[in-house]
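Build me a structure from this.
(4 chains)
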There are 2 protein chains.
Amino acid sequence: MEKNTIAEHQHVNDQNNLEENEKNPMTAALQAIGGKWKLLLLDSIRRECPKRFGELRKEMKYITQTTLTAQLRELERDGILTRAVFPEVPPRVEYKLTALGKQLIPIMDALCEWGKLYDENKSKS
Amino acid sequence: MEKNTIAEHQHVNDQNNLEENEKNPMTAALQAIGGKWKLLLLDSIRRECPKRFGELRKEMKYITQTTLTAQLRELERDGILTRAVFPEVPPRVEYKLTALGKQLIPIMDALCEWGKLYDENKSKS
DNA sequence: AGCAATAGTATTTTTTTCCATACTTAGTAT
DNA sequence: ATACTAAGTATGGAAAAAAATACTATTGCT
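All right, here's what the predicted structure looks like:
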């Protein structure tokens, strides 16, 4: 995970730095919420916030526990959600959107709307 | 590419059918515009529409030609953009957003805005 | 005749993601 | 004592996505 060769650093820099050292905001967004599960998880959490680990696992029928944990930890690391561990037995862990995460809500709404359009379009062809 | 085993079909059906045969629109959207490059390509095309293959390749500095072609063809297949070949030498191929693709523009705008927020947030920590 | 330009295709290799399985922890219920 | 619970971790491996490399076609230009 921490390879960090010179070549790799160079690559990352080149990719993020457009003309005058300006980052492409779309690239930034995709780094945070790209991937197979993240938007699905966030969409689920925002509909019932806070949400427990086990509920997410049930909803995302085909995600494995390992992957679910990994994705949630990345979202936490990136400041999009918070993870609260309650010192109970059996354990309870709740995930919530942060302020930054909540800013994604209208985008998720719009994406869902677009998804419906896309489906209608598909069935027409 | 066309494996289509029974198990695989079952899986896809289960994943898309929530309670009463209703599709999750977010899943649909992600199937169309998920992946490492698609939103980046669409974001570039919408800023200069139509856009030529070679321009895209220059902008997406680290995409390979093979991947670029594959992604564009999928977006075309999914009704998000059109591909126009001009019978000239050297060849010219132009990509344009369809009506469905144009519906993504406000979403891409919002995502870019969010990307900036995300970056600010990151530099604060 | 040889080369450049554009937009590819074909094939193989690498990287990234994701999954399967087994194990853990601590208190509570049987 | 043992089983059960929720939310994990550890390890190994497979599948999917993307990349690397080499090749193609056409026609104008030098």
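
how about A:Gly35, secondary structure?
Of the three states, A:Gly35 takes coil under DSSP: H, G, I helix; E, B strand; the rest coil.

An error on my part: the question was meant for A:Val93.
In three-state terms, and counting by three-state DSSP, A:Val93 is strand.

Let me know the distance separating it from A:Trp37.
17 Å (CB to CB, to the nearest Å). To be clear about C-beta, it is placed using only N, CA and C from the backbone, and glycine gets the same treatment.

So which of these two has more stuff around it?
Using other CB atoms under 10 Å in any protein chain shown as the criterion, A:Val93 and A:Trp37 rank with A:Trp37 on top: 20 against 16.

Torsion angles phi and psi at the more buried one?
phi -110, psi -30 (degrees, to the nearest 10).

Tell me who's in contact with it.
A:Met60, A:Ile63, A:Thr67, A:Leu68, A:Gln71 (CB atoms under 8 Å, 6 or more residues apart in numbering or on different chains).

For the third one, give its distance to B:Leu40.
It refers to A:Thr67. 24 Å.

Which of these two has more residues huddled nearby?
Remark: of A:Thr67 and B:Leu40, B:Leu40 carries more neighbours, 21 against 14, as counted by other CB under 10 Å.

Stretch A:45-53 and DNA strand D in contact?
Yes. Stretch A:45-53 is in contact with DNA strand D by CB under 7 Å from any atom of the strand, via A:Arg52, A:Phe53.

avg pLDDT for that stretch?
Averaged over stretch A:45-53, pLDDT sits at 97.

What's the end-to-end length of it?
Start and end residues of stretch A:45-53 are separated by 10 Å (CA to CA, to the nearest Å).

how about the residues of chain A near DNA strand D?
Contact residues (CB under 7 Å from any atom of the strand) of chain A with DNA strand D: A:52-54, A:57, A:65-66, A:69, A:72-73, A:83, A:85, A:89-93.

In contact with the residue nearest to A:Arg73 when sequence neighbours are not counted: list those residues for me.
Residue nearest to A:Arg73 in three dimensions, not counting chain neighbours: A:Arg83, with 7.6 Å by CB to CB, 6 or more residues apart in numbering or on different chains. Going by CB under 8 Å, 6+ apart, A:Arg83 touches A:Leu72, A:Arg73, A:Glu76, A:Val93, A:Glu94, A:Tyr95.

Could you dump those residues into CSV with distance to B:Ala32 and pLDDT added?
Formatted as CSV, the contacts of A:Arg83 follow (distance: CB to CB, whole Å; pLDDT from 0 to 100):
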residue, distance to B:Ala32, pLDDT
A:Leu72, 25, 98
A:Arg73, 27, 97
A:Glu76, 28, 97
A:Val93, 32, 98
A:Glu94, 32, 98
A:Tyr95, 27, 98
